[in-house]
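Asks: Predicted model and sequence follow; I will ask about them next.
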Amino acid sequence: MNKYILTSLIIVGTGIAALAQTDAKAKAILAQVSKKYKSYDVIKTDFAFTLDNPQAKIKETQTGTLYARSKANKYRVSMKDQDLISDGKTVWTYLKNEKEVQVSDVNNSADALNPAKIFTIYEKGFKYLYTGDTKLNGKVQHIIDLTPTDSKSSFFKVRLNVDKVSKQISNAVIFAKNGNKYTYTIKSFSPNVKVSDSMFAFDAKKHPGVNVEDLR
C-alpha cells in the first residue's frame, strides 16, 4: 500500500465541441482547487486509505494524518505501522515494526503519486474530464476523472470528488492496472497549521536502534 498513499476513462461524448466544454469545466474546477491549496502554507488532513481488490478478496483500510507544505512539496504521513516523510528532495519510509527506515530520492515522475500531489495532481501528466456530480454526506461533489498521458503508467484512472462549496478534494480513487483500487478519503482539513520544518525530515538520533537503509 505504501506506493499509492494518498495517495491513481473512457467517456463517450457527443462530439469534439462537447468534449472541449467538459475539459474546460474540469480544468476550471481543478484550477480553483489548486489555487486554494497553494494559498496555504501547511495543511493538515486526517484521512482513511483503503486498498480493494475484489478478485483477490483483499480489502484493507488504514487511517492516518498528512501534513503538507504546499510551496515546497514537503510532506509527512503518519500511520499506525509506518511514516512517509519528504523534504522535497529525499523520502524516508519508516517501517515501525521492522525498526527500519528506507531512504530514497524523490521521484518526480507522473507515475509516482505522493500524498501531497492529490491537491495538484492534474497539473502534469494527465488529461481530465468532468463527468457529473453526486451527493456525499449531504454535500454536492463534482466528479472529475483523470487519465495519465503515459501509457506505461501503472494506473489507468484517478477519480476525484471535489466539494462544490469548499473547492476542496474530499475523495480520490486510484484505479491500478493490476486490479487494485486505492481510495483516499479526507476526514478533516485544517489550513495554515503551525509546525516546525524539522517535521519534514527523519531524525535518526530520535530513533535509536532503527536501521537506516540508504537506497539512493
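Replies: It's in.
Asks: which stretches of the chain form helices?
Replies: Assigned by DSSP state H, the helices in the chain fall at 16-38.
Asks: any low-confidence regions in it?
Replies: The model of the chain has pLDDT under 70 over residues 1-22, 108-116.
Asks: And the strands in it?
Replies: With strands called from DSSP state E, the chain shows them at 42-53, 58-69, 74-79, 82-86, 90-95, 100-105, 126-136, 139-148, 155-163, 169-176, 181-190, 211-214.
Asks: Redo these as TSV? Include mean neighbour count.
Replies: All C-beta atoms are positioned from the backbone trio N, CA, C, and that covers glycine. Shown next, in TSV, are the strands of the chain (neighbours: other CB atoms under 10 Å):
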stretch	mean neighbour count
strand 42-53	18
strand 58-69	17
strand 74-79	21
strand 82-86	21
strand 90-95	19
strand 100-105	15
strand 126-136	15
strand 139-148	19
strand 155-163	21
strand 169-176	21
strand 181-190	18
strand 211-214	12
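Asks: residues contacting Ala56?
Replies: Gly179 (CB atoms under 8 Å, 6 or more residues apart in numbering).
Asks: I'd say Gln32 and Lys167 touch.
Replies: Yes. Applying CB atoms under 8 Å, one finds Gln32 in contact with Lys167, separated by 4.7 Å.
Asks: Which one of these two is surrounded by more residues?
Replies: A direct count of neighbours by other CB atoms under 10 Å for Gln32 and Lys167 places Lys167 higher, at 17 against 14.
Asks: Ala31: how many residues sit nearby?
Replies: 13.
Asks: Which residues are in contact with it?
Replies: Contacts of Ala31 by CB under 8 Å, 6+ apart: none found.
Asks: For Trp77, which non-adjacent residue is spatially closest?
Replies: No, residue 77 isn't Trp; it's Val. Leu84 (4.2 Å; CB to CB, 6 or more residues apart in numbering).
Asks: For the one you found, give the beta-bridge partners.
Replies: Taking DSSP bridges as the rule, Leu84 bridges to Val77, Thr93.
Asks: for Asp133, same thing?
Replies: Bridge pairing for Asp133 - DSSP bridges - gives His142.
Asks: what sits against it?
Replies: Per CB under 8 Å, 6+ apart, neighbours of Asp133: Val140, Gln141, His142, Ile143, Lys164.
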